[in-house]
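Q: Predicted model follows, preceded by the sequence.
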Protein chains: 2
Amino acid sequence: MTNSERPTNPQVQRTQKLMLDAARGLLADHGPEGVTHLRVAGAAGVARATVYRHWPDRAAILLDLLRTSADLDLAPPPPDSSITERVVIVLRTFAKALNGDGGRTLAAMIGLSEWDDDVFAALGRMATFGPMFLRSVLSDAVEQGLLDARADPALLADRLIGPLYFRRLLYHEDIENVYVDRLVEATIGPHLVD
Amino acid sequence: MTNSERPTNPQVQRTQKLMLDAARGLLADHGPEGVTHLRVAGAAGVARATVYRHWPDRAAILLDLLRTSADLDLAPPPPDSSITERVVIVLRTFAKALNGDGGRTLAAMIGLSEWDDDVFAALGRMATFGPMFLRSVLSDAVEQGLLDARADPALLADRLIGPLYFRRLLYHEDIENVYVDRLVEATIGPHLVD
DNA sequence: CTTACTTGAGACAGACTGTACCATATCCGT
DNA sequence: ACGGATATGGTACAGTCTGTCTCAAGTAAG
C-alpha cells in the first residue's frame, strides 16, 4: 500500500507527475507487464532509484495509476425527466468511460485483483461507486412511485450494468448508445408504473 | 501461437502434463506473473530447457493453460421443463464454473487479452461458447411460442450472463443459486407467454 | 545562508530470460 | 530386439530486470 496523500514538496510533485505520465503511456502501449521501474525511469528521464523510492514494486505503480484514472464524472440526472431517461443518462456515462481508456484500465485491474489485495480494494472502491450511484437513482424512482415497489434496486443495478461490462470486457466491443437504450427499455420497462 | 494438436509421443505427453499441472498450480497460487519457465521447470521436476522447447514465452504457457481449463460441460436442459427452469439450469452451470477456478482463469484472461491478441482469440472462443448455447435455448423457446416473439435472444443472453460475470469479476462474490433464480425470474418473466 | 530533503549516478548480487551444446533417455518402425 | 529419430537432462553463457545501497549534487524552506 502506498501513501495516498499528495506531496507538498514541488520537486516531488514534478518528478512524480513525470513518472506517472510515463507509466501511463507504458501501460497503454504494452500492458501491465510493460510497466517496469527501468522503463518508467527511462521514459520519464529520471533515475531508476527514484522510481524505486516512490513505489517498491510494479503493483504499487499500477495502483497509483489506476487510482488516478477512475474519473467518470457522474452528474445527477435532471430530476424532471422520466426514469427511463435518467437511467439512460447514467448508463451512457458508464459506457463512455468503458469505451475509452477506462475499459483497458478496468481489464488490467480485474486481472490483477484476483491475486493482489490492494488492487482488489482499489477496484472495489472504483466498482462500487457507479453501482451505488445508479442504485440511488433507482431507489429515488421507487420512492417517487415511478417504479414498481417490488423492484429490488440492487438487483436492477446489476442487471443494467452487468451487460455493459460483459460486452466491453469479453468482446472488446464499444457500447453503442442504441444498445444502452434497448437494454434500459427491456430491463426497467416491465417495472414502470404508468 | 502454439501448436494446438496433441502430441502422439507418450514421453511428450507425460512431460507436458507434468509442466501444465505445475503451471496450473503456479497460476492459482501466484497469478499470471508467477508462471515463469524456471518455476514451472522446478515444480514439474523438469529441465528448464524443456519448458522453453514447449513454449517460447509466458503467454504461450498461459494460453495452453487457459485453453485446457475451459471445461464447462453444457448439457442440453430437459426440453419438457419450463423455459424458466431450462434457463436456470444453464445459468447455474455458468455460475458454478465462475465460482470455481474458472473465475480466476477468466479474470486473468480478461486482463491479458487487452494487449495479447492470441489470448483475446482464446477468450473469444471460450466466451462465445456459453452465450451461443444460451442463445439457442432462448431461440428454441421463442420458436415454441414460450417466449414473446419480440424478445431478442442475443440481448436476452447478454442480460442473463452479464450480471453473473459482473458480480464474480468485480466483487469476487460467489454466485448463489438464489441470485440466479431471481435474475432469471426478473429478466425473462416479462417475456413469458402463458 | 543553512539545514533537511530529494534526486542522479553508479555499483552490486540475485533472479529470470533466451539460446546453445552434447550426452543420455525414450520412442517407434522394422 | 535393434537402430535411427526424437525428446529430455544438464550445463554454460550473455543479457535484462530487480531491489538495495552509497555518495555527490541539486532543490526546498525557514
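A: Cool, the structure landed.
Q: use CA for all of it now, contacts and neighbours both
A: Fine.
Q: can you list the residues of chain A near chain B?
A: A:30-31, A:104, A:107-112, A:114-115, A:123-124, A:127, A:155, A:158-167, A:169-171, A:183, A:187, A:190 (Cα under 8 Å from any Cα of the partner chain).
Q: Just the buried ones among those, please.
A: A:31, A:104, A:107-112, A:114-115, A:123, A:127, A:158-166, A:169-171, A:183, A:187, A:190 (16 or more other Cα atoms under 10 Å in any protein chain shown).
Q: Which members of these occur in helices, if any?
A: A:104, A:107-112, A:123, A:127, A:158-166, A:169-171, A:183, A:187 (DSSP state H).
Q: Just the pLDDT at the residue nearest to A:Gly130 when sequence neighbours are not counted, thanks.
A: Counting by Cα to Cα, 6 or more residues apart in numbering or on different chains, the nearest residue to A:Gly130 once its immediate chain neighbours are dropped is A:Phe94, at 7.7 Å. On pLDDT, A:Phe94 comes in at 87.
Q: give me the element A:Phe94 is part of.
A: helix A:83-99 (DSSP states H and E).
Q: how about whichever residue of chain A sits closest to DNA strand D, what does it touch?
A: Residue nearest to DNA strand D within chain A (Cα to the nearest atom of the strand): A:Thr36, separated by 3.6 Å. If a contact means Cα atoms under 8 Å, 6 or more residues apart in numbering or on different chains, then A:Thr36 has A:Arg58 as its contacts.
Q: What of A:Pro153?
A: A:Pro153 touches A:135-136, A:138-139, counting by Cα under 8 Å, 6+ apart.
Q: which of the residues you listed tops the neighbour count?
A: Counting neighbours by other Cα atoms under 10 Å in any protein chain shown, the top entry in those is A:Leu138, with 24 neighbours.
Q: Just give the nearest non-adjacent residue to that one, would you?
A: That would be A:Pro153: by Cα to Cα, 6+ apart, it lies 5.7 Å from A:Leu138.
Q: so where's chain A uncertain?
A: When residues are selected by pLDDT under 70, those of chain A lie in A:1-5, A:69-73.
Q: so what are the domain limits for it?
A: Split into domains by automatic domain parsing, chain A comes to A:10-68, A:83-191.
Q: between these, which gets nearest to B:Asp57?
A: domain A:10-68 (13.1 Å; Cα to Cα).
Q: Check the offset of that closest one from the chain's centre.
A: Centre-to-centre, domain A:10-68 and its host chain are 20 Å apart (Cα atoms, centre = their mean, to the nearest Å).
Q: likewise stretch A:61-81?
A: With Cα atoms, centre = their mean, you get 7 Å for stretch A:61-81.
Q: CA atoms only: put that stretch into PDB for me.
A: In PDB, the C-alpha atoms belonging to stretch A:61-81 read as follows (Å, rounded to 0.1, in the frame of the first residue of the first chain):
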ATOM      1  CA  ILE A  61       2.900   1.900  -9.600                       C
ATOM      2  CA  LEU A  62      -0.100   0.400 -11.300                       C
ATOM      3  CA  LEU A  63      -2.200   1.100  -8.200                       C
ATOM      4  CA  ASP A  64      -1.400   4.800  -8.200                       C
ATOM      5  CA  LEU A  65      -2.000   4.800 -12.000                       C
ATOM      6  CA  LEU A  66      -5.400   3.100 -11.700                       C
ATOM      7  CA  ARG A  67      -6.400   5.300  -8.700                       C
ATOM      8  CA  THR A  68      -5.900   8.500 -10.700                       C
ATOM      9  CA  SER A  69      -7.700   7.200 -13.900                       C
ATOM     10  CA  ALA A  70     -11.000   6.400 -12.300                       C
ATOM     11  CA  ASP A  71     -12.500   9.600 -13.400                       C
ATOM     12  CA  LEU A  72     -16.100   9.100 -14.500                       C
ATOM     13  CA  ASP A  73     -17.800  12.300 -13.600                       C
ATOM     14  CA  LEU A  74     -21.300  11.300 -12.600                       C
ATOM     15  CA  ALA A  75     -23.600  14.200 -12.600                       C
ATOM     16  CA  PRO A  76     -27.100  13.700 -11.100                       C
ATOM     17  CA  PRO A  77     -29.500  13.300 -14.000                       C
ATOM     18  CA  PRO A  78     -32.200  16.000 -14.300                       C
ATOM     19  CA  PRO A  79     -35.000  15.000 -11.800                       C
ATOM     20  CA  ASP A  80     -37.800  16.300 -14.000                       C
ATOM     21  CA  SER A  81     -37.000  13.800 -16.800                       C
END
